[in-house]
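Visitor: dropping the sequence and predicted coords here.
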Amino acid sequence: MSGYAAAASLAMAAVGTAMSAAGQSQKAAADAGQANYLSQVARNNQIVAQRNATLARQQGEADAQKQQLKTASLEGAQRAALASQGGDVDSGSPLDIVGDTARAGYTDAATIRNNAANKAYNYEIQANDAAGAANDAAFQGANTMASLPYGMGSSLLGGASSIVGSSNWAKAGEMFK
């Protein structure tokens, strides 16, 4: 191999090493970009889940109040019907009937609130899961970029080592004689 060929071989090895390092840089930037994107998607999911939890609580309270109004209306209708029969609605069986209606209505409203609270709790769990996924993705992106200098340095040192260890150095030096 002539000195020129050896020098060309060394130059190509150096260019290859540089290209490898540049490729690592581009891959790390792409990986970090993807991780940041996933982090933002997870943050958006967290926001949606938190809003859903709030809406579930609000809907539950509205439904419970609606149930309470239905119960109050039913109690009034029962009292009116019982009073129209000429009985005392504040004692005995008529009072028991109205009392049973009130208890059933209270239980229904409490069940509605409890179901809404459970639904909201499930949304809060989703929000916490999304927050964890967002933090993990953000960490992965930051870690990718933080480790980039070490990967590039390793590529450059490995390439330099193979170039220096090459027998082409002596042959390339021949062209300067």
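Guide: Sure, I can see it. Numbering: from 1, shown residues only.
Visitor: now stretch 105-122: how far from the chain's centre is it?
Guide: 27 Å (C-alpha atoms, centre = their mean, to the nearest Å).
Visitor: so which bits of stretch 114-121 are buried?
Guide: Residues of stretch 114-121 classed as buried by neighbour count (16 or more other C-beta atoms under 10 Å): 116, 119, 120. C-beta: built from backbone N, CA, C; applies to glycine.
Visitor: kindly apply the preceding question to stretch 122-134 instead.
Guide: When burial is assessed from 16+ other C-beta under 10 Å, stretch 122-134 yields the following buried residues: 123, 124, 126, 127, 130, 131, 133, 134.
Visitor: quick one on the thing from earlier: just the buried residues of stretch 114-121 now: which is nearest residue 39?
Guide: residue 120 (24.9 Å; C-beta to C-beta).
Visitor: just the element for that closest one, please.
Guide: Using DSSP states H and E, residue 120 sits in helix 92-164.
Visitor: same check on residue 89?
Guide: Going by DSSP H and E, residue 89 is not in any helix or strand.
Visitor: so how far is residue 141 from it?
Guide: To residue 141, residue 89 is 70 Å away according to C-beta to C-beta, to the nearest Å.
Visitor: could you do residue 104 as well?
Guide: Distance from residue 104 to residue 141, by C-beta to C-beta: 56 Å.
Visitor: test my guess that residue 38 contacts residue 133.
Guide: Yes. Counting by C-beta atoms under 8 Å, residue 38 touches residue 133, with 7.5 Å between them.
Visitor: quick one, the longest helix along the chain and helix 92-164 angle?
Guide: Counting by DSSP state H, the longest helix found in the chain is helix 3-84. Angle between the axes of helix 3-84 and helix 92-164 is 180 degrees (criterion: axes from the mean of the first three to the mean of the last three C-alpha atoms, to 10 degrees).
Visitor: could you say what helices and strands helix 3-84 packs with?
Guide: Packing partners of helix 3-84 (3 or more C-beta pairs under 8 Å, 6 or more residues apart in numbering; DSSP states H and E): helix 92-164, helix 168-174.
Visitor: neighbours of the residue nearest to residue 140 when sequence neighbours are not counted, just the number please.
Guide: Excluding its sequence neighbours, the residue lying closest to residue 140 (C-beta to C-beta, 6 or more residues apart in numbering) is residue 35, at 4.4 Å. Here the number of neighbours of residue 35 (other C-beta atoms under 10 Å) works out to 20.
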